[in-house]
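Chemist: A structural model of the following input is requested.
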Amino acid sequence: MKHAVVVSRLFAPEPAAAAFRLEALVRALAAAGTDVTVLTSNPRPGSPPADDAALAPAVPDGAGKGTEVSDGGQPATAHPGRVRVRRARVLRDSSGYVRGYLPYLSFDVPAAFRLLAVRRPDVVVVEPPPTTGVMVRIVCALRRVPYVYYAADVWSDAARSTGSPGIVSNLLAGLEGWAMRGARGIVAVSEGVATRVHALAGPKVDVEIVRNGIDTTTFHPTPSSPPTPPADFGTFSPVRQSHLPKSAETAEVSGEGGGAGGRYFLYAGTASEWQGAEVFVLALERVRERHPDVELVYLGSGSAWAGLLDLAQRSDPGAVHLLAPVPPAQAARWHRGAVGALVSIVPGLGYDFALPTKIFAASASGVPVIFAGPTGTASEVVEDGGLGAAVGHDPEAVAEAMVTLLEAPEATDPALREARATRLAAWTHEHASIARVGERVAALAARWSQKASPGEASA
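Modeler: Down below sits the predicted model:
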């Protein structure tokens, strides 16, 4: 395979699960000798600096073009492919995200012309939303190029569960199914997503399940490291988010707590309506009745941030901290210092089958997870992998799980804590390494690029 194109509104360095998995895919393709063109948007304001040059491995002296990606995903020594990341301006919502029909179209319409003009690829990989998938199907049909649909979730289900009018959710389901049916292959991030893909696109679509992963070279435990926060804990800048009301722009949720030796739980990542991250603030009130020194840190952003800020300001002074997103290496440091990492999904909003990358960021860092949400893929992974506790999306159940971690033998025994961290990191490296995820999807893309078309005119 000589050339692949990735089309996504999100890409590194923007801190998002889609960006991370696509970055891993691009690295794997380039390492196997495939040239890659990424058609994406300019990073969200506040993202870490882009380092596009680092996406392709260095070319060893005297190396020649070698074997391309094989069906098995294990290429022989190959001259690394070149990576070109082509970014464009897009509309973003008040939170800084490319979210909503106008922002989607602001990416999709120009991307159609960019995809038409790019050097002919052997395969195109496209991420949702469905509007982008529809655009890619049309352009790929015109250019007679196969494409792969990367299904991280099912957008029409989410729209239906959040109260969108029936005509809107039905139209979205039709577009989503049409975009999927035209794909030579579909990558689903969980068994639940794969089931919904078949329901939307039909039983004949070729679906492979490849779960999300995490960069285990960045997120890893530090041996013998006690659960203490970074030195700058409690000294962060005032929370400033463009989507907050003016009265909240200079608000700061901090206090005297959080110095060396302070104990805290960490919620790291996006906080939107379907995550329901406020459950942890409500649980903390119960936890502090028995452990008054324990604090809660939110590290991220999202549409629920203003609500979290309001709850934090009504909590005990210094109990809840809200911090803006930080680079992955710094986020890993926050993980390593936490008593436990917190992950949540609100049941019944169309995301019951989601598998948040937050789980793997924690386990890779050697930190146990408390998952608050429905019985599904995420709860099964946490329980089957021994990664922590899976409870309902309920403050009382969450508080009980937090207290259990605080009073576990590992809380006071460094040897036990180190053994637990080593076990969690080893499990993550084996089952959820982002590098392995990228290699597997690269192999699937190579296989599907050579697969005979089932009939691109089918609907």
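Chemist: burial of Pro45, as a residue count?
Modeler: 8 (other Cβ atoms under 10 Å). No exception for glycine: its C-beta is placed from N, CA and C like everyone else's.
Chemist: who's in contact with it?
Modeler: Residues counted as contacts of Pro45 (Cβ atoms under 8 Å, 6 or more residues apart in numbering) are Gly96.
Chemist: Surely it is within a strand?
Modeler: No - Pro45: not assigned to a strand; according to DSSP: H, G, I helix; E, B strand; the rest coil it is coil.
Chemist: For it, give its distance to Arg89.
Modeler: 12 Å (Cβ to Cβ, to the nearest Å).
Chemist: Ok, Pro325 next?
Modeler: On the measure of Cβ to Cβ, Pro325 and Arg89 end up 21 Å apart.
Chemist: Give me the more crowded residue out of these two.
Modeler: Pro325 (21 against 10).
Chemist: I'd assumed Trp305 was in contact with that one.
Modeler: No - using Cβ atoms under 8 Å as the test, Pro325 is too far from Trp305 to be in contact (10.8 Å).
Chemist: Look up the residues that both of those two are in contact with.
Modeler: Common neighbours of Pro325 and Trp305 (Cβ under 8 Å, 6+ apart) do not exist.
Chemist: Name the SS class of Phe371, please.
Modeler: Reduced to three states by three-state DSSP, Phe371 is strand.
Chemist: who's in contact with it?
Modeler: Phe371 neighbours (Cβ under 8 Å, 6+ apart): 343-345, 359, 378-379, 382, 388-391.
Chemist: From the residues you listed, which land in helices?
Modeler: 359, 378-379, 382 (DSSP state H).
Chemist: Pick out the most distant pair among these.
Modeler: Pairwise distances across the ones in helices among the contacts of Phe371 (Cβ to Cβ) peak at 10.0 Å, for the pair Ile359 and Ser379.
Chemist: who's more crowded, the two?
Modeler: More crowded of Ile359 and Ser379, by other Cβ under 10 Å: Ile359, with 24 against 20.
Chemist: In what element of secondary structure is the residue nearest to Val391 when sequence neighbours are not counted found?
Modeler: With sequence-adjacent residues excluded and distances taken as Cβ to Cβ, 6 or more residues apart in numbering, Val391 is closest to Ala397, at 4.0 Å. Here Ala397, judged by DSSP states H and E, is contained in helix 395-406.
Chemist: Show me what that helix packs onto, helices and strands only.
Modeler: For helix 395-406, the packing partners by 3 or more Cβ pairs under 8 Å, 6 or more residues apart in numbering; DSSP states H and E come out as helix 278-290, strand 340-344, strand 369-372, strand 388-391.
Chemist: Tell me which of those is the most buried.
Modeler: strand 369-372 (a mean of 28; mean count of other Cβ atoms under 10 Å).
Chemist: could I get the ones in helices among the contacts of Phe371 as JSON lines with pLDDT and distance to Arg119?
Modeler: Output for the ones in helices among the contacts of Phe371, formatted as JSON lines (pLDDT from 0 to 100; distance: Cβ to Cβ, whole Å):
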{"residue": "Ile359", "pLDDT": "97", "distance to Arg119": "38"}
{"residue": "Ala378", "pLDDT": "94", "distance to Arg119": "40"}
{"residue": "Ser379", "pLDDT": "96", "distance to Arg119": "45"}
{"residue": "Val382", "pLDDT": "98", "distance to Arg119": "44"}
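Chemist: of all the helices and strands packed on helix 395-406, which lies closest to Thr132?
Modeler: The nearest among the helices and strands packed on helix 395-406, by Cβ to Cβ, is strand 340-344 at 27.0 Å.
Chemist: For this protein, name the helix or strand with the lowest mean pLDDT.
Modeler: In the chain, the helix or strand scored least confidently by mean pLDDT, DSSP states H and E is helix 155-161, which has a mean of 77.
Chemist: after that helix, next one along is what?
Modeler: Helix 155-161 is succeeded, C-terminally, by helix 166-181 (DSSP H and E).
Chemist: Could you give the average pLDDT over that next one?
Modeler: Summarised as a single mean, pLDDT over helix 166-181 is 91.
Chemist: what packs against it?
Modeler: Using 3+ Cβ pairs under 8 Å, 6+ apart: helix 166-181 touches helix 130-143, strand 147-151, helix 155-161, helix 191-201.
Chemist: Not counting its own residues, what contacts the very next helix or strand once past it?
Modeler: Later in the chain than helix 166-181, the nearest helix or strand by DSSP H and E is strand 185-188. For strand 185-188, contacts defined as Cβ under 8 Å, 6+ apart pick out 148-151, 180, 194, 197, 201, 205-210, 441, 444-445, 447-448, 451.
Chemist: If we use 7 Å, what do you get?
Modeler: 148-151, 180, 194, 197, 205-210, 441, 444, 448 (Cβ atoms under 7 Å, 6 or more residues apart in numbering).
Chemist: Quick check: PyMOL command selecting the buried ones in these.
Modeler: To isolate the buried members of the contacts of strand 185-188 in PyMOL, using 16 or more other Cβ atoms under 10 Å:
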select buried, resi 148+149+150+151+180+194+197+205+207+208+210+441+444+448
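Chemist: just the contacts of strand 185-188 now: which is nearest Gln275?
Modeler: Closest to Gln275, out of all of those and judged by Cβ to Cβ, is Ala151, at 19.7 Å.
Chemist: which ones are touching that closest one?
Modeler: 186-188, 193, 197.
Chemist: which residues does the nearest residue to it once chain neighbours are set aside bridge with?
Modeler: The shortest distance from Ala151 to any non-neighbouring residue, by Cβ to Cβ, 6+ apart, is to Ala188 (4.8 Å). With DSSP bridges as the criterion, Ala188 is bridged to Ala151, Ile209.
Chemist: And the pLDDT for Ala188?
Modeler: At Ala188, pLDDT is 96.
Chemist: what about the nearest residue to Ala435 once chain neighbours are set aside, distance to Ser41?
Modeler: In this structure, Ala435 finds its nearest non-sequential neighbour in Ala24, 6.1 Å apart by Cβ to Cβ, 6+ apart. Distance of Ala24 to Ser41, given as Cβ to Cβ: 19 Å.
Chemist: and the two? which has more neighbours close in?
Modeler: Applying other Cβ under 10 Å to Ala24 and Ser41 shows that Ala24 carries more neighbours, namely 25 against 22.
Chemist: Can you classify that one by secondary structure?
Modeler: helix.
Chemist: And for Ala268?
Modeler: strand.
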